[in-house]
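Visitor: model the following, please.
(2 chains)
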Amino acid sequence: MTGFGIPSGLRRAARRAVRPEVVLRRRWAYRVASAALPLLERNGARPYKVAATRCVLSDFADAYLGRKPCIFASAFVPTELVYGMGGVPFLPEAAAGLAAAFGLAAESLSACEALWYSPDLCSFHRAGLGGAAAGLLPRPSAVIVSSHLCDGGKRSLFHMSRLAGCPFYMLDVPYSSSDRAARWLASQIEQVARDLPRRVPGLSAEGLPHALERSNEALTEYERTSALRRNVPAPWRGSEALNYVLLFLWSWGSPWLAPFYRALRVHLERTVAAGDFPVLGERHRLLWLNLRPYYDTGVFKYLEGDWASSVAFEEYSFAYWPRLNPREPFASLAEKMMSNFGWGPIERRLEVIARLVGDYSIDGVVQFGQWGCRQSNGGAAIIARELKGMGIPFLNLDGDGVDARCGSEAQAVTRLGAFIELLEARRGG
Amino acid sequence: MVLVSCSYVPLEIPLALGIPAKRAIFHEQAPSCEAYLPRDFCPYAKAFAREHGEGHVIAIAGSCDAMRRACDALRYFGLAPEVHFIDVPRSCDGDAEAYYAGVLRDFALELARTARRERGDSAEARVDVDGPSFRRRLVAVTQSMNSLRRGVSRVLELQATGRISAMDAMGIALEVNDALGVSRQGDCGSPSDVSADAREAGGGENGGLVAAAAVLESAMRLAGPAGPRSGGSDRNRGSAGVGGRVRIGVAATCLLEPALLGVLEDAGLIVAFVDSCLGSRSFDFDVPVDEGRRDGEGNGHAVADAGAGADGNSGASCDPFYELARAYLGKPACPRMFVGDERARRIESLARSSRAQGIVYFAPKFCDQAYYDFAELKKQVGERSGLPMLLVEGEYGSAESGQTLTRVAAFREMLAGRSGL
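Guide: Now for the predicted structure:
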């Protein structure tokens, strides 16, 4: 399995032929790519893949060509805020996964370490930082981070704002869900929305209600796809779904997201109707926690091919927030942020895991133990104990999503193999 | 006793409720900690993962991802009889202060319940944390803590001037911290050990505060005008370059163990300042509560309770919770805070005023805040002031390892070479 389904030979050739930091800033590159999309569609490319590519191309063109003010954001900042203000979001940590898929992460990681950042930090943030320092990322007009879930996101983006010399905003997300906490967060979001247009030309808060409406529309489609994924056997490969976490983090509020989820929903409906499931003879259904390795790895080939085990759903694909209220954008976005199940006491995460185990008929849970991800890995012992109580086997699979130097495929395959054997034994197989 | 994980949590609140309280300091990790938290985790956070004694209340601040998970582990695995999470904001504007004032008031309410339960008091005997009586006590304890902080700051000034060693200064700060955990007045020694001044400084009736004031008084008496406090303190004597010694500063998130300071001093370095939550960051500030402000007590209730900034903060200066929130959030910033370049400027200023020629940055292994802080300081302070910086990572017990000694010796040689010593 290659990252994002891009053949490794093509990626190597592309890397040799072109310098991405140059190509990404050329108008013709986007014209060529956009012109190629209908051809791909005519040649049998799945519509949802084309829709996703369109979504990414549009944002990259806006960001790299400077068509809209580019706002760097950490992973859990509600992107509706950025789209609604007329900007384009750019999530360096999410882009790091993309860079790994294109074989560009090593250069970024090296650039980061040259800036004295420890290799013990999460590689998604290191690659983002290094990418900014190496000129691979667009130039931000402002940076917005949220304080919840992940220390690395806010710190690395703070540094990027210093590199770019642009305004930096932090949304300090309260730990508790009290009214007092919600009011404080809403007032912070409002302050950002008021201040940004003063400091970044071309932004205005007028489009916020519309961005929230678009987000709701995409959520409706997304919930349908999530419901379809409850089907046994699984209608979509989890390894592929983990690639699209990029859009799940990045694109809420974008006009392109609802069409993508609509196309995906149609694809899943057809798959279920035709019985044309991607994992043949599905024997086990796994819930995947945290992210995945985005560079070339054979792990999922073994899992889905040799062992007929589906990743039926992913923790990071769970839409945890209620519908947004376009008439109360600040309070509504605050509510979305505070609904994140990874924030607050760990019981909130446990509750979601238990729900997903039930909803998706899960046999076993795998947590990808991303190196340096304290917020996720720190809960491993508790999750293991909780799942044991539910009679669900749990594997904490150490690895690295971006830094291939830290991910041993052989070790991962061995551990996953042993885990599947355990599931087989429980099944009586 | 209340053990707090972070210097942003005011000890004043438990102490005013009559509960001994101190910053949790560990000397090692419990062998079983990796059953609860991963191996690649901050040693300080892991050190909390142990069976805490009966009657211990743990207050963990949301300092970082690791401490949040340590708090989860303590609660989930029942490792402590009572665990509180203190949601400390990362900014220090008016809204953050108002929010934090509300958090502190909630903390006081929860601790008041604990105290009542432990004493077996009736419901009528509950402490009204918004009432004038408790607020008077909170103001008095805060004033005593102010005086303790000023005292420890004076000790740190003695260290900066080379009168006592950094090891000794840190030792005094830790003794003061330990004394705050003393439960009864009698625990702080016989009446003759404690002067009237110390009793006054300690707020009279609070055993921990009196004991801490006594520790400080005794330390200052020994340090006195005659010079260093103890035999080992000649480590730090002299100015830059004297006897080939080079002045440096130490920066850290949490300096796990003072032994590192001894290693630095034994290597021929003079530690002119320690910017850590076990060093100056915990003492270089005052909480401005005074008699005048007490007049307004009672008005503050609405402020702490209403919290969020949109409600404004009129009358907030009358509320001791608000004053605590404002002073603690505004104290010298630790790497978890987002205060722009303030932290880099402070380190630069400390280095300039103490004539430090280099900085040793201590990072507890796997402490993300420290790793990011080091890189930022290296860029801002290192490049701007030309100050060499050495990153030393460590766990409990690693300060005196051969690796640390070798790196420190090499750093000292490099600094000495630059200074022509």
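Visitor: would you pull up the residue in chain A closest to chain B?
Guide: Proximity of chain A to chain B (C-beta to the nearest C-beta) peaks at A:Gly378, 2.8 Å away. C-beta here means a position set from N, CA and C on the backbone, and glycine is covered the same way.
Visitor: what about B:Gly53, how many residues nearby?
Guide: For B:Gly53, the count of nearby residues is 10 (other C-beta atoms under 10 Å in any protein chain shown).
Visitor: ok, back up a step: which residues are in contact with the residue of chain A closest to chain B?
Guide: Contact analysis of A:Gly378 by C-beta atoms under 8 Å, 6 or more residues apart in numbering or on different chains lists B:37-38, B:41, B:65-66, B:68-70, B:72-73.
Visitor: what's the answer for A:Glu213, then?
Guide: Taking C-beta under 8 Å, 6+ apart as the test, what A:Glu213 contacts is A:Pro326.
Visitor: part of a strand, is it?
Guide: No - assessed with DSSP: H, G, I helix; E, B strand; the rest coil, A:Glu213 is helix; it does not lie in a strand.
Visitor: any figure for the gap between it and A:Ile420?
Guide: A:Glu213 sits 44 Å away from A:Ile420 when distances are taken as C-beta to C-beta, to the nearest Å.
Visitor: okay, and B:Pro247 sits in which element?
Guide: Not Pro; residue B:247 is Arg. Assigned by DSSP states H and E, B:Arg247 belongs to strand B:246-252.
Visitor: same for that strand, what does it pack against?
Guide: Contacts defined by 3 or more C-beta pairs under 8 Å, 6 or more residues apart in numbering or on different chains; DSSP states H and E place strand B:246-252 against helix B:259-266, strand B:269-275, helix B:342-353, strand B:359-364, helix B:368-377, helix B:402-419.
Visitor: how many residues are close by residue 210?
Guide: Unless you meant another one, I'm taking chain A. Counted by other C-beta under 10 Å, the residues lying close to A:His210 total 16.
Visitor: let's do chain B instead
Guide: As a burial measure, B:Val210 scores 26 neighbours (other C-beta under 10 Å).
Visitor: would you mind measuring from it to B:Val141?
Guide: Distance, B:Val210 to B:Val141, by C-beta to C-beta: 12 Å.
Visitor: got it, and B:Gln403?
Guide: Applying C-beta to C-beta, the value for B:Gln403 to B:Val141 is 44 Å.
Visitor: tell me where the chain has strands.
Guide: No chain was given, so I picked chain A. Secondary structure of chain A (DSSP state E): strands at A:70-73, A:88-90, A:142-146, A:168-171, A:284-289, A:309-314, A:364-370, A:394-399.
Visitor: my bad, the chain I had in mind was chain B
Guide: B:2-4, B:21-23, B:57-61, B:82-86, B:246-252, B:269-275, B:359-364, B:389-394.
Visitor: pop out the phi and psi values for the residue of chain A closest to chain B.
Guide: Dihedral pair for A:Gly378: phi -60, psi -20, per degrees, to the nearest 10.
Visitor: before we move on, back to that, settle it for me: which of B:Gln403 and B:Val141 has more neighbours?
Guide: Neighbour comparison, B:Gln403 and B:Val141: the larger count goes to B:Val141, with 27 against 11 (by other C-beta under 10 Å).
Visitor: nearest residue to that one in space, please, no chain neighbours.
Guide: B:Ala16 (4.3 Å; C-beta to C-beta, 6 or more residues apart in numbering or on different chains).
Visitor: for A:Gly364, same thing?
Guide: Using C-beta to C-beta, 6+ apart and skipping residues adjacent in sequence, the residue nearest A:Gly364 is A:Pro393, 4.5 Å away.
Visitor: ok, now which ones touch the one you found?
Guide: Counted by C-beta under 8 Å, 6+ apart, A:Pro393 has contacts A:363-365, A:387, A:419, A:422-423, A:426.
Visitor: if we can go back for a sec, what does the strand holding B:Arg247 rub up against?
Guide: Strand B:246-252 is contacted from outside by B:166, B:239-240, B:260-261, B:264, B:268-277, B:279, B:347, B:350-351, B:354-364, B:370, B:373, B:377, B:412, B:415-416, B:419, B:421, using C-beta under 8 Å, 6+ apart.
Visitor: what subset of the residues you listed is buried?
Guide: Among the contacts of strand B:246-252, those buried by neighbour count (16 or more other C-beta atoms under 10 Å in any protein chain shown) are B:166, B:240, B:260-261, B:264, B:268-277, B:279, B:347, B:350-351, B:354, B:356-364, B:370, B:373, B:377, B:412, B:415-416, B:421.
Visitor: okay, now the unreliable bits of the stretch 301-421 of chain B?
Guide: For the stretch 301-421 of chain B, the stretches flagged by pLDDT under 70 are B:301-317, B:421.
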